[in-house]
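[1] dropping a prediction and its sequence here:
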Amino acid sequence: MEAFTEKAIKVIRNIPPGRVMTYGQIASHAGSPRGARQVARLLHSMSAKYELPWHRVINAQGKISFQDTDNRLSQTKLLQNEGVEVCSLGKIDLKHYRHDPGHDAF
DNA sequence: TTCATGACCGTAG
DNA sequence: ACTACGGCCATGA
């Protein structure tokens, strides 16, 4: 496993409830600004094995990346449960809910 | 090692 | 606003 992957996992686990991060953000903080896809990949792989807050990770457009209706609804539900306002289309206000590790929002 | 793939991102029409 | 294309890089066969 690459160091990048481990860092990405740490960053993801560091996301506080009620906040979200984009793949690109996580990748950037993990050391690879262009490694957004690897973040997605590790989430897909690790979420089932580790306890990662995968639902707090969304794409740069502030929307849920899932294509499967089931998982999409699950993520929406979880986020709403944490106090994040999610539109019917899976739209989220990044300006309001984006978590910045350096800013220490928690 | 090489090839193909992916819960992405940014730019262009 | 939405669709299409190319680039990115770790992972698995």
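    Perfect, I can see it now.
[2] ok, the closest residue to residue A:40 other than its chain neighbours to residue A:11 distance?
    Among residues not flanking residue A:40 along the chain, residue A:23 sits closest, at 5.5 Å (C-beta to C-beta, 6 or more residues apart in numbering). (Each C-beta comes from the backbone N, C-alpha and C, glycine too.) Residue A:23 sits 11 Å away from residue A:11 when distances are taken as C-beta to C-beta, to the nearest Å.
[3] and residue A:21, helix, strand or coil?
    strand (DSSP: H, G, I helix; E, B strand; the rest coil).
[4] quick one: residues contacting it.
    Taking C-beta atoms under 8 Å, 6 or more residues apart in numbering, we find residue A:21 in contact with A:11-12, A:15, A:56-58, A:98-99.
[5] same check, this time on residue A:89
    Residue A:89 neighbours (C-beta under 8 Å, 6+ apart): residue A:63.
[6] before we move on, the earlier item: my guess is the residue nearest to residue A:40 contacts residue A:34. True?
    No: the criterion here is C-beta atoms under 8 Å, and residue A:23 misses it with residue A:34 at 10.7 Å.
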